[in-house]
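Q: Got a sequence here, can you build the structure:
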Amino acid sequence: MFSNTEPVPTLFICNIVLIYGSVSVPLKSIEVQLEVKDHVATVVSTLIYENKEDKPIEAVFVFPLPGDAAVCHFSAKIGQTEIVAQVKEKQEAREEYDDALSSGQQAFLLEESEQSPDIFSLKVGSLPPGESASIRLEYVIELAVEADDGLRFCLPAVLNPRYQPQGASVQVTSVPASQVPYTLSFSARVSSPRPISKVESSCSLDPLQYLNTEQTQATVKLAAGHKFDRDVELLIYYKDAHQPTAVVEAGQASAKPGTLMGDPVVMLSLYPEFPQAVMSSLASCGEFVFLLDRSGSMDCPTDNSEQQETRIGSARDTLLLLLKSLPMGCYFNIYSFGSTYKHIFPKSVEYSEKTMEEALKKVGEMTADLGGTEILQPLKHIYSQPCIPNQPRQLFVFTDGEVWNTKEITSLVKNNSAFHRCFSFGIGEGASSALINGLAKEGGGHAQFITGTERMQPKVMQSLRFALQPAVQDISVTWDLPKGVSVTVLSPPISAIFQGQRSLVYAQLTGQVGAAPSHSELTRLQPRRDPLLELVSLQKASGCWLLDPALAAVLGKKSKKVEKAKPSAEVWATILALMWLHGFKVDAKEEWELLAMKAVSWLRAQKAPCVTECIEAGNTLLGCKVQKDALGL
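A: Residues are numbered from 1 along each chain as shown. As a prediction, this is how the structure comes out:
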């Protein structure tokens, strides 16, 4: 530990180097192995350091972790000595660490920041001269879903320096990762009940390698020569993204049955796609409050290229689009913050030509000139304003995420979650995932990250569409389980589901029914073939489909909704099958084009008078926009 008489250590925050006084302990290599199972990722990082000095040292390493990650393993190895961490109360752990150092023993202390859950510090004590230290850290995290249905994983290269007001602990600094020698190895394995359509990244990747014919398992890794000078971001896309899935994992054989670790657990994923009829009915009311970061760091470029656009400039352009897109009859206000905060109107005003023009003029004058980053006080002021009757409050927060008191901020949002929704936007590399994801999670909204050369406007407008759309409420989950099996739901109840927002339900399964899957195996509760092949297998030789539960299952709909009375059940079922193919499987048209032609011939032979009516009803049921002409009818 550092006493008041010792020199203040310089902390380089780039997953790169340990610094103590003027003594450097370079990070020689980083190896990261990512395993994604449907929507959950397990990350294993191995970091190797070497003390090139001629005396033992104590060093500090500060690094970022996702704010909602659960650390499940930490170990350190020096020479032949390996230390596996135990979870203890913070004060007790610190005392044991100090005792170990005073007695000349090797010791490690891993701590989460008091202010922000996405900052961890590692203290390495008594690292002998010429010795290497190997650190292994494992954590689990739910992956955020993007507006285009991709799942986002980010390995931060840089933890931006957090703004800290006067009187707070020592300010940490950072250096560019490209200035320090290192090696990075990164690989990912993806498994899902659904086929994996693609994996994209802001960095160069080797080609995606599928591990089975169903394309439900794949591996990918960084291309050779990657420089860890920016975040490594992966976007994972599954086919049939809006189909509900259930992933089951067996309990540990060594654990007692009836306990959480001994029983199988299930993860149910709900990511519905609303019918177009619902999506087109945008609300014409609401109180829209925009909170814009105007701290000095917002004057930085939006990416690492030589483009001149700054974060504040991109935010101004985005506010222009937002203000132009608000519906008549709503209310709005714009706040900006730095060391202090400002607002355009004393309280939210009704949206009109006059108020819009006044706001646009002031937005155009905004610069990154308000100093530090104090988001807590403007949030308190916003929440102190009474809500406007029949105008649901929607809060949009724009920041590059460089704050020091994340826990206090997200707690405030949570305490006011019953009165508003919060949409958050992390701008630039190194934005705090704890802050951005925490604001959206506690505020029941949606989080977006704008990195690299991405434009802010499309993502923000997507969130505005979410804010203007209705939510599904009064949700209940019914479990249809085999006899002898019961379920205990571990997650809080779902109160509402919004378009573009995923909900995960975790549950413990108790009882016996056949053999459980292996610990590492992913399965569905009821494994099935690819939906396209399933639909094809249900077609009759004549070309038609029958109206039955099997067809409803392929369409992802309840039998009662699909089997509503129609003039002809077979005609209705065949039209639904054709619409699903044209609406959701157009990329595989070469596979089903001939059998679809046979189905169309069958329909023509029926001379049914209800085809147009069925197509309209089918678009509403399936949530697509398939035209009669496209079907060949």
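
Q: Got the confidence number for residue 411?
A: On the pLDDT scale, residue 411 is placed at 90.

Q: What's the local residue count around it?
A: For residue 411, the number of neighbouring residues by other CB atoms under 10 Å comes to 13. In short, each C-beta sits where N, CA and C put it, glycine included.

Q: All the strands of the stretch 451-600 of the chain, in order from the start?
A: Here the stretch 451-600 of the chain has its strands, by DSSP state E, counting those that start in this stretch, at 472-473, 485-489, 496-497, 503-511.

Q: and of the ones you listed, who's closest to residue 397?
A: strand 496-497 (20.0 Å; CB to CB).

Q: Residue 82 should be in a helix, yeah?
A: No. Under the criterion used here (DSSP: H, G, I helix; E, B strand; the rest coil), residue 82 is strand, not part of a helix.

Q: picking up where we left off before, highest average neighbour count across the strands of the stretch 451-600 of the chain?
A: Highest mean neighbour count of the strands of the stretch 451-600 of the chain: strand 503-511, a mean of 17 (counted as mean count of other CB atoms under 10 Å).

Q: on that earlier part again, with mean pLDDT added, can I get the strands of the stretch 451-600 of the chain in CSV?
A: Below are the strands of the stretch 451-600 of the chain laid out as CSV (pLDDT from 0 to 100):
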stretch, mean pLDDT
strand 472-473, 68
strand 485-489, 89
strand 496-497, 69
strand 503-511, 87
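
Q: for those strands, which one sits closest to residue 263?
A: Per CB to CB, nearest to residue 263 of the strands of the stretch 451-600 of the chain: strand 503-511, 5.2 Å.

Q: strands paired with that closest one, and their directions?
A: Strand pairing for strand 503-511, using DSSP bridges, gives strand 265-270 (antiparallel), strand 485-489 (antiparallel).

Q: Could you dump these into a markdown table and include distance to residue 365?
A: Below are the strands paired with strand 503-511 laid out as a markdown table (distance: least, CB to CB, whole Å):
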| stretch | distance to residue 365 |
| --- | --- |
| strand 265-270 | 44 |
| strand 485-489 | 52 |
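
Q: which one of these lies closest to residue 449?
A: strand 265-270 (21.0 Å).

Q: Quick check: residue 84 touching residue 75?
A: Yes. Residue 84 lies in contact with residue 75 (CB atoms under 8 Å); the separation is 4.6 Å.

Q: Looking at those two, which one has more neighbours?
A: Taking other CB under 10 Å, residue 84 and residue 75 do not tie; residue 75 has more neighbours (15 against 10).

Q: can you pull the pLDDT of the more buried one?
A: So, for residue 75, pLDDT stands at 83.

Q: just residue 495 next, same as before
A: Residue 495 is assigned 67 on the pLDDT scale.

Q: Then the one 4 residues further on?
A: For residue 499, the model assigns a pLDDT of 69.

Q: what does residue 388 give?
A: Reading off the model, residue 388 has pLDDT 90.

Q: Quick one: neighbours of it, just the number.
A: Number of residues near residue 388 (other CB under 10 Å) recorded here: 16.

Q: pretty sure it contacts residue 331?
A: Yes. Using CB under 8 Å, residue 388 is in contact with residue 331, at 5.6 Å.

Q: tell me, what's touching those two both at once?
A: 287, 348 (CB atoms under 8 Å, 6 or more residues apart in numbering).

Q: Would you mind saying which of the strands paired with strand 503-511 lies nearest residue 580?
A: Residue 580 lies closest to strand 265-270 among the strands paired with strand 503-511, at 19.9 Å (CB to CB).

Q: outside of the closest one, which residues touch it?
A: Contacts of strand 265-270 (CB under 8 Å, 6+ apart): 38-40, 244-249, 251, 477, 487, 490, 494, 497, 502-509, 525.

Q: Now residue 326. Its backbone dihedrals?
A: With angles defined as degrees, to the nearest 10, residue 326 sits at phi -70, psi 150.

Q: wait, isn't it in contact with residue 351?
A: Yes. The criterion here is CB under 8 Å, and residue 326 meets it with residue 351 at 5.1 Å.

Q: and for the two, which residues touch both?
A: Shared contacts of residue 326 and residue 351, defined by CB under 8 Å, 6+ apart, are found at residue 332.

Q: Tell me how this structure divides into domains.
A: 17-142+156-186, 243-275+487-527, 282-468, 531-631 (automatic domain parsing).

Q: As TSV, the ones you listed with distance to residue 215 would be great.
A: Output for the domains of the chain, formatted as TSV (distance: least, CB to CB, whole Å):
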stretch	distance to residue 215
domain 17-142+156-186	14
domain 243-275+487-527	14
domain 282-468	27
domain 531-631	12
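
Q: can you tell which of those domains is closest to residue 226?
A: domain 17-142+156-186 (6.3 Å).

Q: in the protein, what secondary structure element scores lowest on mean pLDDT?
A: Within the chain, confidence by mean pLDDT, DSSP states H and E is lowest for strand 17-20 among all helices and strands, at a mean of 37.

Q: Just grab the bridge partners of the residue most central in space within the chain for me.
A: In the chain, the centroid-proximal residue (CA atoms, centre = their mean) is residue 144; its distance is 1.0 Å. Bridge pairing for residue 144 (DSSP bridges) gives the partners residue 152.

Q: So for it, what's the pLDDT?
A: Model confidence at residue 144, given as pLDDT, is 80.

Q: The one 3 residues further on too?
A: As summarised for this prediction, residue 147 has a pLDDT of 70.

Q: contacting residues for it?
A: 446, 448, 458-459, 462-463, 500.

Q: TSV for those residues, including neighbour count?
A: TSV is the format used below for the contacts of residue 147 (neighbours: other CB atoms under 10 Å):
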residue	neighbour count
446	25
448	24
458	14
459	19
462	18
463	22
500	20
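
Q: List just the nearest of those to residue 578.
A: When the contacts of residue 147 are compared for distance to residue 578 (CB to CB), residue 500 wins out at 27.6 Å.

Q: Just give me how far stretch 344-353 sits from the chain centre.
A: 33 Å (CA atoms, centre = their mean, to the nearest Å).

Q: Can you list the buried residues in it?
A: Across stretch 344-353, burial judged by 16 or more other CB atoms under 10 Å covers 344, 348-349, 351.

Q: JSON lines for those, including secondary structure?
A: Formatted as JSON lines, the buried residues of stretch 344-353 follow (three-state DSSP):
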{"residue": "344", "secondary structure": "coil"}
{"residue": "348", "secondary structure": "coil"}
{"residue": "349", "secondary structure": "strand"}
{"residue": "351", "secondary structure": "coil"}
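
Q: Among those, which pair sits farthest apart?
A: 344 and 351 (12.6 Å).

Q: Stretch 429-438: end-to-end distance?
A: Length of stretch 429-438, first residue to last, CA to CA, to the nearest Å: 18 Å.

Q: How far does it sit from its chain's centre?
A: That offset, for stretch 429-438, works out to 11 Å (CA atoms, centre = their mean).

Q: From residue 186, how far off is residue 148?
A: 23 Å (CB to CB, to the nearest Å).

Q: er, residue 456 I mean
A: 27 Å.

Q: Residue 219 and residue 211 touch, don't they?
A: Yes. Checked against CB under 8 Å, the pair residue 219 and residue 211 is within contact range at 6.6 Å.

Q: Tell me where the stretch 251-400 of the chain has helices.
A: For the stretch 251-400 of the chain, the helices defined by DSSP state H, counting those that start in this stretch occupy 276-279, 311-325, 353-364, 376-384.
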